[in-house]
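Asks: Below are the sequence and a predicted model; questions follow.
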Number of protein chains: 2
Amino acid sequence: MRLTSETSSDGVREQLFILGDIPGVLWTPEDAVGVRPLILIGHGGGEHKKAPDVVACARRFVTGGRLAVAAVDVPGHGDRPTDEELNRIATENQARVAAGEELAPLIAGFQALVARRTVPEWRAVLDGLQALGQVGAGPVGYRGVSLGCGLGVPFVAAEPRVHAAVLGLGGALASAEAAARITVPVRFLVQWDDERVPRAQSLALFDAFASPEKTLHANPGGHGELPASELDHDLAFFSRHLR
Amino acid sequence: MRLTSETSSDGVREQLFILGDIPGVLWTPEDAVGVRPLILIGHGGGEHKKAPDVVACARRFVTGGRLAVAAVDVPGHGDRPTDEELNRIATENQARVAAGEELAPLIAGFQALVARRTVPEWRAVLDGLQALGQVGAGPVGYRGVSLGCGLGVPFVAAEPRVHAAVLGLGGALASAEAAARITVPVRFLVQWDDERVPRAQSLALFDAFASPEKTLHANPGGHGELPASELDHDLAFFSRHLR
């Protein structure tokens, strides 16, 4: 893992890094020394590691909880090169939806394909981050909604260092099988009027988690309208489970 | 309203009162002077104003938020005389369930009957409490689950002094009509494996609230297994909405 730049503002240090061909960003308290919990954030579809909602979440966790937070670009997103295969499938899917095909199964298939790459990538990123002095081998949390849920569920299922996860805006079609292998505490977010994930699919995914401790929070509004106040609940959840 | 006794422990003053034939209890900070938000708690079926979960909730709100909290016995419960009509209906309902009839519609009918008495009673209790110096005419919240939801929904719909409500473990069959008249912020609690309220009924009641600001929290477990940690969320919710 190679650190390529470092800046600081309002008490938060931001370091860009590259691991192999994966570009990422690490946020820590400006004065951070020693081991602390690390939250990996999975960004949404069409977003990237420094999308506004990712940065807002990271800054809230760093300033409110003195956590370390990291995000990396998913293949075909942000600073990564265009991915011909993913591009082709995304274009095909758009055409199929335009022709009247159901959206949810197409999203599910696409996310499963991407997850086969991101699960090993993110595990390698964890290795690299935990070797840094201001992160260390503390407990790990994961937060991802939408694409970040579709990719996050198989990651959390596969990675024993993850002790708690905030997931949401995702459905059972894409994720139920891997969800059944997750036993760590899960906070699951649902948008009650989600136009991309049918409500029954959301509720079925919540059902599928094997975690004895899981909680579902639903709010009115569409896929993109998750209330900012849920970030405070996210932080309280991680603070409780990652000590 | 006549205050009949007063005790204090661990910073919480507890005063029993009688209003007409309604026995109640008021909890306030021991050193309380002046106006503060008041939370009315509606107890569950078969419980009473000082049931352990009611007391735990009241003490949390008083010590954590310096709120005033009150609860009264529902007709036929606690220190109120046996109510022949309600008793007869409850006995009939038990027989009908034993004979294979569905539980939810019977609960709904029973709660509608009781609510016709409790709505005016609780409004009169609010009048009495708000005349006390350590309560005053501040904003009012309501918290009730199970029977406390069935009776709470029509109360919150009818009483403009209530500015926020925590409700839950109740279904649309009993409460959807009154819920559609509620526009204040609502926090709605669902037990995911509720054996008394079918899940679809719970979700339909959440749907029915007209409140622009509403949030649903669901946790695994049966009707009686609401996690104690939800009390912290209740307090944060009231603290946010009753200032």
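Replies: Great, that's in hand. Only a predicted model underlies this, so the values are computations on that prediction, with no experimental measurement involved.

Asks: how about the strands of chain A, start to end?
Replies: A:2-9, A:12-19, A:22-29, A:38-42, A:68-72, A:140-145, A:162-168, A:186-191, A:214-219 (DSSP state E).

Asks: Can you say which of the ones you listed is nearest to chain B?
Replies: Evaluated over the strands of chain A, closeness to chain B peaks at strand A:214-219, with 4.0 Å, by C-beta to the nearest C-beta. Glycine gets a C-beta too; all of them are placed from N, C-alpha and C.

Asks: And the residue lying farthest from the centre of chain A, what's its pLDDT?
Replies: Using C-alpha atoms, centre = their mean, the residue of chain A lying farthest from its centre is A:Ala99. It sits 30.6 Å away. A:Ala99 is assigned a pLDDT of 94 by the prediction.

Asks: Check A:Met1 too.
Replies: What the model reports for A:Met1 is a pLDDT of 94.

Asks: Test my guess that it contacts A:Ile22.
Replies: No: the criterion here is C-beta atoms under 8 Å, and A:Met1 misses it with A:Ile22 at 9.3 Å.

Asks: So these two - more neighbours on which side?
Replies: A:Ile22 (22 against 16; other C-beta atoms under 10 Å in any protein chain shown).

Asks: so who does the more buried one touch?
Replies: Taking C-beta atoms under 8 Å, 6 or more residues apart in numbering or on different chains, we find A:Ile22 in contact with A:72-73, A:80, A:121, A:124-125.

Asks: try it again with 6 Å
Replies: A:72, A:121 (C-beta atoms under 6 Å, 6 or more residues apart in numbering or on different chains).

Asks: Show me what counts as buried in the longest helix along chain A.
Replies: Ranked by number of residues, the top helix in chain A under DSSP state H is helix A:103-130. Within helix A:103-130, the residues scored as buried using 16 or more other C-beta atoms under 10 Å in any protein chain shown are A:106-108, A:110-112, A:114-115, A:117-119, A:121-122, A:125-126, A:128-130.

Asks: ok so, going back, could I get the strands of chain A as CSV with distance to B:Arg88?
Replies: CSV is the format used below for the strands of chain A (distance: least, C-beta to C-beta, whole Å):
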stretch, distance to B:Arg88
strand A:2-9, 70
strand A:12-19, 66
strand A:22-29, 65
strand A:38-42, 58
strand A:68-72, 61
strand A:140-145, 52
strand A:162-168, 48
strand A:186-191, 42
strand A:214-219, 39
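
Asks: got a list of contacts for the lowest-mean-pLDDT helix or strand in chain A?
Replies: Counting by mean pLDDT, DSSP states H and E, chain A has its least confident helix or strand at helix A:84-98, which shows a mean of 91. Contacts with helix A:84-98, where a contact means C-beta under 6 Å, 6+ apart, come from A:76, A:103, A:106.

Asks: Next up, the contacts around the last one.
Replies: By C-beta under 6 Å, 6+ apart, A:Leu106 lies in contact with A:Asn93.

Asks: Show the model's pLDDT score for it.
Replies: At A:Leu106, pLDDT is 90.

Asks: Surely A:His43 touches A:Asp53?
Replies: No: if you go by C-beta atoms under 6 Å, A:His43 and A:Asp53 don't touch, sitting 8.1 Å apart.

Asks: which of those two has more neighbours?
Replies: Between A:His43 and A:Asp53, A:His43 has the larger neighbour count (other C-beta under 10 Å), namely 25 against 17.

Asks: Next, find the distance separating the more buried one from chain B.
Replies: 24 Å (C-beta to the nearest C-beta, to the nearest Å).

Asks: May I have the phi/psi pair for that residue?
Replies: Backbone geometry at A:His43, expressed as degrees, to the nearest 10, gives phi -80, psi 170.

Asks: Point out the residues in chain A that sit beside chain B.
Replies: Within reach of chain B by C-beta under 6 Å from any C-beta of the partner chain, chain A has these residues: A:215-219.

Asks: Of these, which is the most crowded?
Replies: A:Ala218 (26 neighbours).

Asks: Let me know the pLDDT of it.
Replies: A:Ala218 carries a pLDDT score of 98 in this model.

Asks: Wait, it touches A:Trp192, no?
Replies: Yes: counting by C-beta under 6 Å, A:Ala218 sits close enough to A:Trp192 to count as a contact (5.1 Å).

Asks: which residues touch stretch A:208-215?
Replies: A:172, A:176, A:179-180, A:182-183, A:185-187, B:219.

Asks: Quote the end-to-end distance of it.
Replies: 12 Å (C-alpha to C-alpha, to the nearest Å).

Asks: give me every residue that touches A:Val184.
Replies: By C-beta under 6 Å, 6+ apart, the contact set of A:Val184 is A:163-164.

Asks: Could you pull up phi and psi at it?
Replies: Taking degrees, to the nearest 10 as the convention, A:Val184 sits at phi -80, psi 160.

Asks: can you check A:Val35 too?
Replies: Main-chain torsions, A:Val35, degrees, to the nearest 10: phi -60, psi 140.

Asks: So what's the residue count around it?
Replies: A:Val35, neighbours per other C-beta under 10 Å, totals 15.

Asks: how about the nearest residue to it, chain neighbours excluded?
Replies: Among residues not flanking A:Val35 along the chain, A:Gly136 sits closest, at 3.2 Å (C-beta to C-beta, 6 or more residues apart in numbering or on different chains).

Asks: which other residues reach stretch A:150-158?
Replies: For stretch A:150-158, using C-beta under 6 Å, 6+ apart, the contacting residues are A:42, A:111, A:115, A:118-119, A:122, A:142, A:144, A:162, A:165, A:167, A:170, A:174-175, A:178-179, A:181-182.

Asks: ok so, going back, so the least confident helix or strand of chain A versus helix A:103-130, what angle?
Replies: Relative orientation of helix A:84-98 and helix A:103-130, computed by axes from the mean of the first three to the mean of the last three C-alpha atoms, to 10 degrees: 150 degrees.

Asks: quick one: A:Met1 from A:Arg199, how far?
Replies: A:Met1 is 41 Å from A:Arg199, where distance means C-beta to C-beta, to the nearest Å.

Asks: typo on my end, A:Pro212
Replies: 24 Å.

Asks: higher neighbour count, the two?
Replies: Shown here are A:Pro212 and A:Arg199; by other C-beta under 10 Å, A:Arg199 has more neighbours (16 against 10).

Asks: quick one, phi psi at the residue farthest from the centre of chain A?
Replies: According to degrees, to the nearest 10, A:Ala99 has phi -80, psi 10.

Asks: how about it, what does it touch?
Replies: Counting by C-beta under 6 Å, 6+ apart, A:Ala99 has no contacts.

Asks: can you tell me how far it sits from A:Leu86?
Replies: Using C-beta to C-beta, A:Ala99 is found at 20 Å from A:Leu86.

Asks: quick one: A:Ala71 and A:His48 touch, right?
Replies: No: counting by C-beta under 6 Å, A:Ala71 does not reach A:His48; the two are 8.4 Å apart.

Asks: Which of the two has more residues huddled nearby?
Replies: The neighbour count for A:Ala71 versus A:His48, taken as other C-beta under 10 Å, is higher for A:Ala71 (29 against 18).

Asks: What's opposite the more buried one in the beta bridge?
Replies: A:Val25, A:Ile41 (DSSP bridges).

Asks: Contacts only, for it.
Replies: A:25, A:41, A:49, A:54.
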